[in-house]
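Colleague: fold the following, please.
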Amino acid sequence: MFWRRRLPHWAPEDSPVFVTWRLAGTLPRGQPELLVRGPLDGKTFVLQDRELDHMASGPRWLREPPIAAIFRDALLYGENVRRYDLLAWVVMPNHVHLVLQSKARLPDVVRWLKTATAVRANRTLGRNGEPFWQREYFDRWIRSEEELLKTISYVENNPVTAGLAASPEEWPWSSPAEDTGGETAGATVPA
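Modeller: From the prediction side, this is the model:
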């Protein structure tokens, strides 16, 4: 396990992991960091994620198709060159959720994804020298097949729960729409 800023990070190699992060500046100034306030149990995380889904302030650049496509394309490309298997993913207007099984160090995968997409997105938006993503990310090592299935369902249904789509397949920036995750991904949890 290692600590980066305020969150501990640890996932055994080749284990499925849930990872999420948001756009920089998503929360109004003066509010504590969302997804970083103290220890998170499942219920607390879900409440905070729902808050982020309905946040009226802050940037929502990922709802713009060219910006969402930058992230999707990098994510799918990275599966081949960065040594991870995508099990489920969704790009929401101001944050992303991934379930992946990494054969490389997770911090390296996340750093690559955030850097590659931030540079392209900022260039597309005409922004220079400004942060695109929050500095931190939240991850949770998935320990059982049951937890894996629940997490995949949570990720793929996030746009439905947030009121952005009637079904997971209708949200264009997700594994169900791209047929690149979920039960077809062949995920396993090491014993």
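Colleague: which strand or helix spans the residue nearest to Gly58 when sequence neighbours are not counted?
Modeller: Leaving aside its chain neighbours, Gly58 sits nearest to Thr26 (4.0 Å; criterion: C-beta to C-beta, 6 or more residues apart in numbering). For glycine as for every other residue, the C-beta is placed from the backbone atoms N, C-alpha and C. Thr26 belongs to no helix or strand when elements are defined using DSSP states H and E.
Colleague: switch to numbering from 432
Modeller: Sure, I'll start numbering at 432, so the last one becomes Thr457.
Colleague: quick one: Thr457 and Phe563 touch, right?
Modeller: No - judged on C-beta atoms under 8 Å, Thr457 makes no contact with Phe563 at a distance of 11.1 Å.
Colleague: ok, back up a step: quick one: the residue nearest to Gly489 and Leu529, what's the gap?
Modeller: Applying C-beta to C-beta, to the nearest Å, the value for Thr457 to Leu529 is 17 Å.
Colleague: ditto for Ala552
Modeller: The gap separating Ala552 from Leu529 is 17 Å, by C-beta to C-beta.
Colleague: which one of these two has more residues nearby?
Modeller: Shown here are Ala552 and Leu529; by other C-beta atoms under 10 Å, Leu529 has more neighbours (26 against 23).
Colleague: contacts for the helix or strand hosting that one?
Modeller: According to DSSP H and E, Leu529 maps onto strand 526-533. With contact meaning C-beta atoms under 8 Å, 6 or more residues apart in numbering, strand 526-533 is reached by 442, 444-454, 457, 480, 483, 493, 502, 506, 514-521, 540, 573, 579, 582-583, 585-586, 589, 612, 618.
Colleague: what helices or strands is the following helix or strand past it leaning on?
Modeller: Using DSSP H and E, the helix or strand that directly follows strand 526-533 along the chain is helix 537-556. When contacts are defined as 3 or more C-beta pairs under 8 Å, 6 or more residues apart in numbering; DSSP states H and E, helix 537-556 packs onto strand 447-453, helix 496-512.
Colleague: with just CA atoms, put helix 537-556 into PDB.
Modeller: Backbone C-alpha positions of helix 537-556 (Å, rounded to 0.1, in the frame of the first residue of the first chain) are rendered in PDB as follows:
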ATOM      1  CA  LEU A 537      -2.200   1.100 -11.400                       C
ATOM      2  CA  PRO A 538      -0.700   4.500 -10.600                       C
ATOM      3  CA  ASP A 539       1.200   4.400 -13.900                       C
ATOM      4  CA  VAL A 540      -2.000   3.500 -15.800                       C
ATOM      5  CA  VAL A 541      -4.000   6.300 -14.200                       C
ATOM      6  CA  ARG A 542      -1.200   8.800 -14.600                       C
ATOM      7  CA  TRP A 543      -0.900   8.000 -18.300                       C
ATOM      8  CA  LEU A 544      -4.700   8.200 -18.800                       C
ATOM      9  CA  LYS A 545      -5.000  11.500 -17.000                       C
ATOM     10  CA  THR A 546      -2.000  13.100 -18.700                       C
ATOM     11  CA  ALA A 547      -2.800  11.900 -22.200                       C
ATOM     12  CA  THR A 548      -6.500  13.000 -22.000                       C
ATOM     13  CA  ALA A 549      -5.800  16.300 -20.200                       C
ATOM     14  CA  VAL A 550      -3.400  17.600 -22.800                       C
ATOM     15  CA  ARG A 551      -5.700  16.800 -25.700                       C
ATOM     16  CA  ALA A 552      -8.800  18.000 -24.000                       C
ATOM     17  CA  ASN A 553      -7.200  21.300 -22.900                       C
ATOM     18  CA  ARG A 554      -5.900  21.800 -26.500                       C
ATOM     19  CA  THR A 555      -9.500  21.200 -27.800                       C
ATOM     20  CA  LEU A 556     -11.000  23.600 -25.300                       C
END
